[in-house]
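In: Structure here, sequence nowhere to be found:
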């Protein structure tokens, strides 16, 4: 069945499309009989207004853009679920883009979203993003921007994060209280900020418990969430230190699982010979052998809060209410299983 438009209703009743439009909006200058005929026919034909045309009149597109590093990662898929749930409740369409940890692609995606006239943008930065010109471009275009999880401190916008430093501190402190002293860290690079904060939390926990920080126990995992980084770092750790290390705190669960599999393949018992503590509470951590202790990072809740806050900022912008940028910290929790 062809789409019912204002023109279809107008032709059926022998009146102008302008009259139909006014009748549907209950304008006072349209007589009651004409209104009745128009509204009854519109209902009979299941007429619905063109959402795009309505949005143009309202100077809004009812769309937002989301740029994330990857869609297949458990954490980010949960973030997306939270965003989409909130967007559906507000009748918003969502353009979802994946940067694949590529800063150049991330910049192109920002330009594309701005060209589409989206009402707001959510970004979780790639691991290699250093130049932040594209984020400032969003702000200069008066488009609300929220950074989630992987943020840049210097950008003047709302940010939704966990307290990565505290979460890492708590995880390492737990290991220390369990009696572990020689604790290695498989860390990420200098970007994004959460990688740095988890390293600082690890280091602070050692120093606060009177354990000397040993930089030789820190191994760089450039990809931040690559299984092979964990596997290879575990191999190198044992080559460098042998049995003179008793625990590992990793920046992500995937790296922790890579390390765990290396130990399992080489008959090194976890946690009897070496303990492991991950980060994120990926669903696989429940079924590894042994199950993996980790930090619960609630991606779904972060997505919900991020979208809800963005819609509020969009609403404030349309009402000429000054946007109050804030840093929203979502709670974390230690999930203790059998790896330590």
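Out: Yes, it's here. What you see is a predicted model, and the numbers here were worked out from it, not measured in a lab.

In: show me what contacts residue 155?
Out: Taking C-beta atoms under 8 Å, 6 or more residues apart in numbering as the definition of contact, the neighbours of residue 155 are 132, 135, 136, 139, 145, 147. Glycine gets a C-beta too; all of them are placed from N, C-alpha and C.

In: Those residues: which two are farthest apart?
Out: Of all pairs drawn from the contacts of residue 155, the widest gap by C-beta to C-beta lies between 136 and 147 and measures 12.4 Å.

In: So for the two, which sits in the more crowded spot?
Out: More crowded of residue 136 and residue 147, by other C-beta atoms under 10 Å: residue 147, with 24 against 15.

In: mind listing what's buried in stretch 163-178?
Out: Taking 16 or more other C-beta atoms under 10 Å as the basis for neighbour counts, the residues of stretch 163-178 that come out buried are 164-176.

In: do the same with stretch 24-31
Out: Buried positions in stretch 24-31, judged by neighbour count with 16+ other C-beta under 10 Å: 24, 30.

In: And the residue nearest to residue 268 when sequence neighbours are not counted, how far from residue 96?
Out: Counting by C-beta to C-beta, 6 or more residues apart in numbering, residue 274 is the residue found nearest to residue 268 once chain neighbours are left out, at 6.4 Å. From residue 274 across to residue 96, the span is 39 Å (C-beta to C-beta, to the nearest Å).

In: With neighbour numbers in mind, choose between the two.
Out: Between residue 274 and residue 96, counting by other C-beta under 10 Å, residue 274 is the more crowded of the two (24 against 14).

In: Check the contact between that one and residue 244; I expect there is one.
Out: No: with contacts counted by C-beta atoms under 8 Å, residue 274 stays clear of residue 244, the gap being 10.8 Å.

In: quick one, what contacts residue 63?
Out: 92, 93, 94, 95, 116, 117, 118, 119.

In: Where does pLDDT dip in the protein?
Out: Within the chain, the ranges that satisfy pLDDT under 70 run 1-2, 50-59, 223-225.
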